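Novice: here is a sequence together with a model predicted from it:
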Amino acid sequence: RRYDAGKDGFIDLMELKLMMEKLGAPQTHLGLKNMIKEVDEDLDSKLSFREFLLIFRKAAAGELQEDSGLHALARLSEIDVSTEGVKGAKSFFEAKVQAIHEASRFEEEIKAEQEEKKKQAEELKQRKAAFKELQSTFKQ
């Protein structure tokens, strides 16, 4: 949210550029495009929250190249308890848990929307069938 200047729920190329600069790991234009491409599951050329979390999942699994921008981003987002202390680590992990809960809530909202659309489609189908039935009585 901090780097989502457009407030659209996505990190686009320019927002990613600014984020990487603020984190002290500036990237080239091509480097930024490659960063997005590596985790962009829906091919919309921007990062959703789920795709952003995928960066850290890949980093934990060792799937990121050492010299890649994504690896730098994941490394910058880690916390060292010896320097931050227990309270700093606590707030870091609480923020991570909160982000996961928000992602779950987002998924629930999407599922509810999909169910609503299915319900509306079914109602439309039933209304069309009822209309055709009435129409057929007038044709006779």
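Specialist: Ah, there it is. Only a predicted model underlies this, so the values are computations on that prediction, with no experimental measurement involved. Residues are numbered from 1 along each chain as shown.
Novice: now the helix or strand harbouring Gln114: average pLDDT?
Specialist: Using DSSP states H and E, Gln114 sits within helix 81-139. Averaging pLDDT along helix 81-139 gives 76.
Novice: cool, and stretch 60-69?
Specialist: Computed over stretch 60-69, the mean pLDDT rounds to 69.
Novice: quick one: end-to-end length of that stretch, please.
Specialist: Terminal residues of stretch 60-69 lie 15 Å apart, using C-alpha to C-alpha, to the nearest Å.
Novice: stretch 42-54 now?
Specialist: 13 Å.
Novice: per the record, what domains does the chain have?
Specialist: The record's domain split for the chain, according to the TED database, is 10-76, 85-139.
Novice: now, of the ones you listed, which is deepest in the fold?
Specialist: Ranked by mean neighbour count, the domains of the chain are led by domain 10-76 with a mean of 15 (mean count of other C-beta atoms under 10 Å). The C-beta positions use only the backbone N, C-alpha and C, and glycine is treated the same way.
Novice: let's verify the residue nearest to Asp40 when sequence neighbours are not counted: helix, strand, or coil?
Specialist: Of all residues not flanking Asp40 in the chain, Glu51 sits nearest, at 6.1 Å (C-beta to C-beta, 6 or more residues apart in numbering). Following DSSP: H, G, I helix; E, B strand; the rest coil, Glu51 is assigned to helix.
Novice: OK, contacts around Glu51?
Specialist: 39-42 (C-beta atoms under 8 Å, 6 or more residues apart in numbering).
Novice: a markdown table for those, including pLDDT?
Specialist: Formatted as a markdown table, the contacts of Glu51 follow (pLDDT from 0 to 100):
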| residue | pLDDT |
| --- | --- |
| Val39 | 81 |
| Asp40 | 80 |
| Glu41 | 83 |
| Asp42 | 84 |
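Novice: turn the residues you listed into a markdown table, including secondary structure and distance to Phe131.
Specialist: Below are the contacts of Glu51 laid out as a markdown table (DSSP: H, G, I helix; E, B strand; the rest coil; distance: C-beta to C-beta, whole Å):
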| residue | secondary structure | distance to Phe131 |
| --- | --- | --- |
| Val39 | helix | 47 |
| Asp40 | coil | 44 |
| Glu41 | coil | 41 |
| Asp42 | coil | 37 |
